[in-house]
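> attaching a predicted model along with its sequence, questions to come.
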Amino acid sequence: MKRIKSKFPGVRYREHETRKHGIKPDRYFSIRFTVDGGKKEEGLGWASDGWTEKKASEKLSELKTNIRIGQGARSLSEQRQMSEAVRKETERSQLTVSCAWEGYSKIAASKKSYDREEMFFRLWIQPGIGARTLPGVAAIHLEKIKKVMADNGMAPRSIQYSLAIIRQLFNYAKKHDLFQGDNPVSKVSMPKFDNRRMRFLTHNEADLLLEELLKRSKQTHDMALLSLYTGMRAGEIFSLTWGDVDVLTGILTLRNTKNSKTRFAFMTDKIKAMFLSRSCGNVNDLVFPDRNGGKIVQISEAFTRGVNQLKFNEGVTDRRFKVTFHTCRHTYASWMVESGADLYAVKELLGHSDFKMTSRYAHLGQNTLQAAVRQMEAMKTTIGTDIVQIKEGQKQ
């Protein structure tokens, strides 16, 4: 369509071939002006949308004024960008924590820990800050959540976990341009606690536990045996398939690990015998399926009943000293350290991504440390004896 000059300088229009606006053809208005030394033409809209030659001229005059004084939008495209920025800022300022969670949960739902995250959000985070806008959440509000959780007897680790969820939520919002500014969790001190498992089984206790479990459930017995002698996590055992088991080489391939990295576990003779006692399935079949052939989601109550029968947890109130299924993994690490194994080797066998996790077991190598001290003491005695002999020779 041919552009037609209007009676207003810089304003042009073109007429629609068929569509009418009133008795005249519908007109599409555009403006032509100079910016940064170059000619620029931008479209405004149709007469049927409310544009007229006069309105177009007024818009052109507004842009020319902005160009002359160096303030505001210098073109329609800049104006649209500024309007979009204002709209986004308005949305950001009005977005509540609960609304942000709806978006976050769609991404986080695939995470193994999502169910636990959702529970903590529903019980502690949403009541505390769910109705607040993201910019309206301050450190004092998170401190209140900490206090409410502590007053309700929640462990420091659980409080830390809630703060970690809030941190992830705000990081998600920043990544998707839903929030600008500092993450409020960075201004809150994390609860300090010692969460190290202090209880591990002696070899005799482990034998008693396995014997008791075998009476109740061979599957639970086999899983406990596997954790005791390979250090595998419960989730890794639940995900193990027959394709990951190579009895010939004595190697287990662990694919669905906590840090998502594949690692290997090594069988003892007891572990090999256990696998040979089970009916081998197809490559993709689970080694330890549930009754319906699906994946187990939590260890059987048979384990808890076995522990209770042996009275391992009788009178124990500190959770660090309670025997749980994870105690089997902890026991494996403890036995390794006590036997004098290098901590780096233990780190790799356990699949820790951070050496700090492995260093928790360093205090258990007391036998090794005591042996080192005795060796030093023996060396000191030997050196002392040699010195005395030299001195006696000098006197002669």
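That came through fine. Numbering: from 1, shown residues only.
> going by C-alpha atoms from here, please, whenever you check contacts or count neighbours.
OK.
> what's the spatially closest residue to Ile251 that is not a sequence neighbour in contact with, if anything?
With CA to CA, 6 or more residues apart in numbering as the criterion, Ile251 has its nearest non-adjacent residue at 4.9 Å, and that residue is Phe266. Neighbouring residues of Phe266 by CA atoms under 8 Å, 6 or more residues apart in numbering: Thr230, Gly250, Ile251, Leu252.
> so the third one touches Ala265, yeah?
What that stands for is Ile251. Yes - under the criterion of CA atoms under 8 Å, Ile251 makes contact with Ala265 at 5.9 Å.
> what about the two, which has more around it?
Neighbours per residue (other CA atoms under 10 Å) separate Ile251 from Ala265, with Ala265 holding more: 20 against 16.
> leaving out the residues flanking it, which one is nearest to that one?
For Ala265, ignoring the flanking residues on the chain, the nearest one in space by CA to CA, 6+ apart is Leu252 at 5.0 Å.
> pretty sure the one you found sits against Asp244.
Yes - using CA under 8 Å, Leu252 is in contact with Asp244, at 5.6 Å.
> am I right that Leu252 sits in a strand?
Yes - residue state for Leu252 (DSSP: H, G, I helix; E, B strand; the rest coil) corresponds to a strand.
> now the contacts of Phe266 in JSON lines, with pLDDT and distance to Lys64?
Shown next, in JSON lines, are those (pLDDT from 0 to 100; distance: CA to CA, whole Å):
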{"residue": "Thr230", "pLDDT": "94", "distance to Lys64": "76"}
{"residue": "Gly250", "pLDDT": "95", "distance to Lys64": "80"}
{"residue": "Ile251", "pLDDT": "96", "distance to Lys64": "76"}
{"residue": "Leu252", "pLDDT": "95", "distance to Lys64": "73"}
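> I'd like to know which of those residues are buried.
Thr230, Ile251, Leu252 (16 or more other CA atoms under 10 Å).
> just list the residues touching the last one, thanks.
I take that to be Leu252. Going by CA under 8 Å, 6+ apart, Leu252 touches Asp244, Val245, Asp246, Phe264, Ala265, Phe266, Met267.
> distance of it from Asp246?
Distance, Leu252 to Asp246, by CA to CA, to the nearest Å: 6 Å.
> same question for the first one.
Shown here: Thr230 relative to Asp246, a distance of 14 Å by CA to CA.
> with Ala273 instead?
For Ala273, the distance to Asp246 - CA to CA - is 12 Å.
> neighbour count: those two, which is higher?
Shown here are Ala273 and Asp246; by other CA under 10 Å, Asp246 has more neighbours (15 against 12).
> how close does Lys24 sit to Glu17?
Here Lys24 is placed at a distance of 11 Å from Glu17 (CA to CA).
> and the buried ones among the contacts of Phe266, which is closest to Thr65?
Among these, Leu252 lies closest to Thr65 (CA to CA), at 74.1 Å.
> hey, what's the closest one bridged with?
Bridge pairing for Leu252 (DSSP bridges) gives the partners Val245, Ala265.
> tell me how far it lies from Leu226.
11 Å.
> got it, and Asp151?
39 Å.
> okay, these two: which has more neighbours?
Higher neighbour count among Asp151 and Leu226: Leu226, with 26 against 9, using other CA under 10 Å.
> quick one, helices of the stretch 51-200 of the chain?
Taking DSSP state H, counting those that start in this stretch as the criterion, the stretch 51-200 of the chain contains helices spanning 53-69, 76-94, 97-108, 114-120, 126-129, 139-151, 156-175.
> what's the average pLDDT for the fifth one?
To tie it back to what came earlier, the one meant is helix 126-129. For helix 126-129, mean pLDDT is 96.
> buried stuff in that helix?
Buried, per 16+ other CA under 10 Å, within helix 126-129: Gln126, Gly128, Ile129.
> for Leu208, which non-adjacent residue is closest in space?
Nearest to Leu208 is Leu310, by CA to CA, 6+ apart, at 8.0 Å.
> for the buried residues of helix 126-129, which one is nearest Ile237?
Using CA to CA, the buried residues of helix 126-129 come closest to Ile237 at Gln126, 34.1 Å.
> so who does the closest one touch?
Gln126 touches Val97, Ser98, counting by CA under 8 Å, 6+ apart.
> so where do the strands sit in the stretch 251-396 of the chain?
Assigned by DSSP state E, counting those that start in this stretch, the stretch 251-396 of the chain shows strands spanning 251-254, 263-266.
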